[in-house]
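K.L.:
Have a look at this prediction, sequence included:
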Amino acid sequence: ASEARSAEGTSGVAGGAKGAFAPAEGCGGSGFVEAEGQLDSRASSPAVVHAPCAIEARGLIKQFGARRALDGVDLALPQGAFLSIFGPNGAGKTTLLLELALLARPSRGSLRMLGIDALEEPDALRSRIGLISHKSMLYGDLTAQENLAFFASLYGVTGAPAQERIDELLRLVELDHRRNDCVRTFSRGMQQRLSIARALINDPDLVLLDEPYSGLDPHAAELFDRLLERVREGRTFVMVSHDLDKGYDLCTHALILAQGRVVVCANKDLIDREAFRELYLATVGMGVA
């Protein structure tokens, strides 16, 4: 990640204008430079590894009338990373995810994803992005097989290649035995597993997740964890979550949004769980969020 924009008036929380952790220059670098007076000094003199960026956002603003849902978001995420985005309700998390999914357009700012200008060439990106939400986005009266065939056709994949992909994904999500059953008969956990198959039908490079664990029981959540682990290789993930522990466990990079601004952006290797939790709670407690 490159420079993270810090919320104004958060110097007591985030160490001033750079936030609690300000990333070193260069996408993919493990070196996040610690802000003055915050935590320990593990990040001093880091070795920066420059890797291609999956996401490069500069000054993203989303205006709804007089209200700014996003207020100058900067983000640079290396390919293959898993970014967890945290923040209270109304912080701008879903708005940011919708812009990354090309379902909303920023009012101002620039956005490049996978090396492509997302604002100038969105159609060149759509087939390379998958989205998993707390809503399954499946058709209840269609079978699992029919749902996946339909979504494959939207990407121009039909015939034998589509069927091969469907067979592979149904085995992956452990629903091959239910391929001919209507999705409305599936449990919440089964629908979320099928949602992973739906999101991967186009073999995307970037996978976006919006509260995917919402409503899952512990067993279903554990199955979902295992599935994510199986499909992570070679892909970049961005997940919005209210669950600090789950999001922290999954991520390589963590970000806190408050009032549409990046307060904290950190490589997880440079901030332990309790320190990150304290930063989040301090942000909320001081009224920044």
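P.N.:
Structure's in. What do you need? Numbers count the residues shown, from 1 in each chain.
K.L.:
can you give me the strands in the stretch 1-150 of the chain?
P.N.:
21-23, 32-34, 53-64, 67-78, 82-86, 108-113, 116-117, 129-133 (DSSP state E, counting those that start in this stretch).
K.L.:
Adjacent strands (with direction) for the fourth one?
P.N.:
Note on strand 67-78: by DSSP bridges, its sheet partners are strand 53-64 (antiparallel).
K.L.:
How about exporting the partner strand as PDB, limited to the C-alpha atoms?
P.N.:
What follows is strand 53-64, C-alpha atoms only, in PDB (Å, rounded to 0.1, in the frame of the first residue of the first chain):
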ATOM      1  CA  CYS A  53      -0.700  -3.300  -7.600                       C
ATOM      2  CA  ALA A  54      -4.100  -4.900  -7.800                       C
ATOM      3  CA  ILE A  55      -5.800  -1.700  -6.600                       C
ATOM      4  CA  GLU A  56      -4.500   1.900  -6.800                       C
ATOM      5  CA  ALA A  57      -7.000   4.500  -5.600                       C
ATOM      6  CA  ARG A  58      -6.200   8.200  -5.300                       C
ATOM      7  CA  GLY A  59      -8.400  10.800  -3.700                       C
ATOM      8  CA  LEU A  60     -11.700   8.900  -4.100                       C
ATOM      9  CA  ILE A  61     -14.600  11.100  -3.200                       C
ATOM     10  CA  LYS A  62     -18.300  10.000  -3.300                       C
ATOM     11  CA  GLN A  63     -20.800  12.800  -2.800                       C
ATOM     12  CA  PHE A  64     -24.500  12.300  -2.000                       C
END
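K.L.:
quick check: mean pLDDT across it?
P.N.:
The predicted model gives strand 53-64 an average pLDDT of 95.
K.L.:
can you list the residues that contact it?
P.N.:
Strand 53-64 is contacted from outside by 2, 27-28, 68-81, 92, 95-96, 99-100, 104, 106-115, 205-206, 236, 238, 260, using CB atoms under 8 Å, 6 or more residues apart in numbering. Glycine gets a C-beta too; all of them are placed from N, C-alpha and C.
K.L.:
Pull out the buried positions in that strand.
P.N.:
53, 54, 55, 56, 57, 58, 60, 62 (16 or more other CB atoms under 10 Å).
K.L.:
Sweet, I'm off.
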